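Undergrad: this one's structure only:
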């Protein structure tokens, strides 16, 4: 819709578009010594920085413009220019040509300035809404890493990443997703590291999204995943800017979504999902050990209850005799088959977890105590479940919390029940069949064209990536970037000659400092 | 970003060959070696390893010449179409018989160690269906799976050395060099059976992304297999001795019964071994099923092997139920290898190679004449 040069008409149109929107403020003003120029400010209450508008837009227009005695004949034609260029102490001002554009900007939180007699509208940058400060990440805590986490404002999040990589090649491109919500989505990557095809594919998938309202990055994750039937996450979510920064410096692409403190990193592989930021802040052999423990945790979280079912109801002979006897003795009073027993306890734990997650701090803890201790103890004493079962359920749950990525841990939770089912039907053989199916599925799964199980699935080029997979070698050994994303610039640490050069420069610098001291 | 191009690396082909050959061969290998050559079985093994290496070289040369084509396709160039289709059909039958044998033996072992009351049919059909999920996939997926499973096949064999070292009796391999040349030639045919599966190169080599460099990897695969077999042979003969090895049905399986972990916190490793074993059998079976559905699809001039996987399954299933027991299963597959196997795995590659030499010669001649 074209803007007319009559201010009243423009106001009418905008008011008609925004009828019943009571949070919109219309502020007509008269400017000039004789107050001959009609203007109007429009903004949304609560989305703008009111002090900014009143101090640096209204004050110059209302007070300062009154003291001047410009020649009305002169300014009549150039009023718009004068206001735009010379009157407003606002950092960003833009001319808008259509009503739709004006409405878009208004709804983001900008202020519109309408001037009578001109068929364009001025946009004054005034975004400023109440937002949560940068606080410590909630689910990805580390001991030795930085404490800042993303918040709900995408610009802040992008700046947190930018602060860590001061490279002109770090690109951050904005696109809008959602017909109605018009959510800002930022795609960040380093141009000369990330594979161009990957960046293109990310844009393609994001632009293909066709929804009306986007609520958060979880929805985006779902919409850009290649395989919707897979329980496994095909993007890595994180609330840590340092994780995003280190990932994009390895040639991956980050997607930050407005209104969500979770960024997405693609492509994701099993290896990256089992890494924690902590791994890179502690010494390499400790983090290698921790990673091996994590893989152990994945195995337990996935199979322990099903192994219990298989061992007790199908092959007690495979257990050491004494253990088999004590298991049998413990299960003596239990009136259910092992499957029902295990299923019941697992469901109880899931209930507790769900209830605890929906409740806030102190009440959540109470649920844990009541559920874990009281029900567990009572159930054993009542002879409904065996003590061994309680131990197994506890170990399984603890193990699933040791998996760093929440999405991956949820997938394991889900698959655990399937494996319990196959174990109940075919015992250990059933578990193996289930695992083979699972493995086949993982082998078939790709995340943005990258094999989900890389680097374990190819003997050859990708083998170098093993340096940073199950174990993590020291930083100095990993001179090349991981290759699973087919990076353009492969060298992370320049070669020995380059190092010497750096050292020489460093020495030179030190000498200079000493010179200065003298 | 599609990085899939219907090609796999030579390393992945190596993994396919190693895991699919070791899968069945290793089970009864020490017994058949001891039966034919006594304590000198390892010499037999090395000899047949060398022979297989030569044949693999021939197959590699052949497939490099016709890169991108499987047996069924370049066979049409070399033999006439009907003859080539007949050979393909024979190959299909051979592969399905082998797959049936593998799955039957597997079912018998599962029944013996894990599920005594479950019908064999259930074990066979579930295993076949699970395998078909992978086989319906692309070749890249199959290659990736083979690489994943390679350590599962290899590492336990190496581990076994360390665990069993205290129990080894080295005097059991004596006396050496007591066989006669006549026995050797007879025994070699038997022990080539242990290498059965290298003929899958005829099918899978066409997917290599660098066929020119493949020879190194293919010979590497045969070397890995030979070493693994040697380890298992020496272990079983050192632990059980010559006579007892000859009496055990599956000496390699029995080896695991001897295993005692220090501290004895696990009394019975059978469970772990069975878990590992089912992955190994899965790898073998998947390779056979994949190859047979591929051959079938080429036979019917299909482009997608995917649609031929499910029709192959009932054939394998029925074939696997033909033998009454393990002994007759071994008899059946022994017959097959003696005739069909030797033809497919030994005669056919050599024959095709000779034909290519001949054709090349005639082509050159014709160019000169023209």
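TA: Yes, it's here. Please read these numbers as outputs of a predicted model, since none were measured by experiment.
Undergrad: what's the helix or strand for residue A:155?
TA: Element membership for residue A:155, per DSSP states H and E: helix A:154-164.
Undergrad: contacting residues for the closest residue to chain B within chain A?
TA: Here chain A gets closest to chain B at one residue, residue A:459, 2.8 Å apart by C-beta to the nearest C-beta. Bear in mind the C-beta positions are built from the backbone N, C-alpha and C, glycine included. Going by C-beta atoms under 8 Å, 6 or more residues apart in numbering or on different chains, residue A:459 touches B:9, B:11-12, B:14-15, B:147, B:150.
Undergrad: One more pass at 7 Å, please.
TA: Residues near residue A:459 by C-beta atoms under 7 Å, 6 or more residues apart in numbering or on different chains: B:9, B:11-12, B:14-15, B:147.
Undergrad: Over to residue A:256?
TA: If you count contacts by C-beta under 7 Å, 6+ apart, residue A:256 has them with A:154, A:157-158, A:186, A:188, A:263.
Undergrad: Would you list the phi and psi of it?
TA: phi -100, psi 130 (degrees, to the nearest 10).
Undergrad: quick one: the helices in the stretch 1-150 of chain B?
TA: Remark: helices assigned in the stretch 1-150 of chain B by DSSP state H, counting those that start in this stretch are B:10-37, B:41-65, B:71-78, B:81-113, B:120-135, B:139-164.
Undergrad: Now do whichever helix or strand comes after the last one: which elements does it pack against?
TA: Read it as helix B:139-164. Toward the C-terminus, helix B:139-164 is succeeded by helix B:181-192 as the next helix or strand (DSSP H and E). Contacts defined by 3 or more C-beta pairs under 7 Å, 6 or more residues apart in numbering or on different chains; DSSP states H and E place helix B:181-192 against helix B:10-37, helix B:41-65.
Undergrad: how close does the residue in the stretch 101-250 of chain B that chain A sits nearest to get to residue A:207?
TA: Across the stretch 101-250 of chain B, no residue is closer to chain A than residue B:144, which sits at 3.5 Å (C-beta to the nearest C-beta). Residue B:144 is 30 Å from residue A:207, where distance means C-beta to C-beta, to the nearest Å.
Undergrad: Between these two, which has more neighbouring residues?
TA: Each of residue B:144 and residue A:207 has its neighbours counted (other C-beta atoms under 10 Å in any protein chain shown); residue B:144 has more, 28 against 10.
Undergrad: got the contact list for residue A:403?
TA: Contact analysis of residue A:403 by C-beta under 7 Å, 6+ apart lists A:294, A:297-298, A:301, A:409, A:412.
Undergrad: so it, which of the three states?
TA: Using DSSP: H, G, I helix; E, B strand; the rest coil as the criterion, the local structure at residue A:403 reads coil.
Undergrad: near chain B, which residues of the stretch 251-400 of chain A?
TA: Proximity of the stretch 251-400 of chain A to chain B, by C-beta under 7 Å from any C-beta of the partner chain, involves residues A:314-315, A:318, A:320-321.
Undergrad: can you pick the most crowded of those?
TA: Most neighbours among these, by other C-beta under 10 Å: residue A:314, with 24 neighbours.
Undergrad: Nearest residue to that one in space, ignoring adjacent ones along the chain?
TA: Excluding its sequence neighbours, the residue lying closest to residue A:314 (C-beta to C-beta, 6 or more residues apart in numbering or on different chains) is residue A:427, at 3.2 Å.
Undergrad: ok, now residue A:390?
TA: Here the residue nearest residue A:390, using C-beta to C-beta, 6+ apart, is residue A:376, at 4.8 Å.
Undergrad: tell me the SS of the one you found?
TA: Going by three-state DSSP: residue A:376 is helix.
Undergrad: quick one on the thing from earlier: nearest to residue B:47, of the contacts of residue A:403?
TA: The nearest member of the contacts of residue A:403 to residue B:47, counting by C-beta to C-beta, is residue A:298 at 45.2 Å.
Undergrad: quick one, what contacts that closest one?
TA: Contacts of residue A:298 by C-beta under 7 Å, 6+ apart are A:403, A:412.
Undergrad: one step back: any idea which of the helices of the stretch 1-150 of chain B gets closest to residue A:455?
TA: For the helices of the stretch 1-150 of chain B, the distance to residue A:455 is smallest for helix B:139-164, at 9.9 Å, taking C-beta to C-beta.
Undergrad: Just checking the distance from the closest one to the centre of its chain.
TA: Here the centre of mass of C-alpha atoms in helix B:139-164, compared against the chain's by C-alpha atoms, centre = their mean, to the nearest Å, lies 14 Å away.
Undergrad: Stretch A:216-233 too?
TA: Relative to its chain's centre, stretch A:216-233 lies at 13 Å (C-alpha atoms, centre = their mean).
Undergrad: Is it positioned near chain B?
TA: No: residues of stretch A:216-233 contacting chain B under C-beta under 7 Å from any C-beta: none, with a closest distance of 10.0 Å.
Undergrad: From one end of that stretch to the other, what's the distance?
TA: Across stretch A:216-233, the terminal residues are separated by 16 Å (C-alpha to C-alpha, to the nearest Å).
Undergrad: Report the mean per-residue pLDDT for that stretch.
TA: Stretch A:216-233 shows a mean pLDDT of 88.
Undergrad: Low-confidence ranges, the stretch 51-200 of chain A, go.
TA: A:68-77 (pLDDT under 70).
Undergrad: No further questions, thank you.
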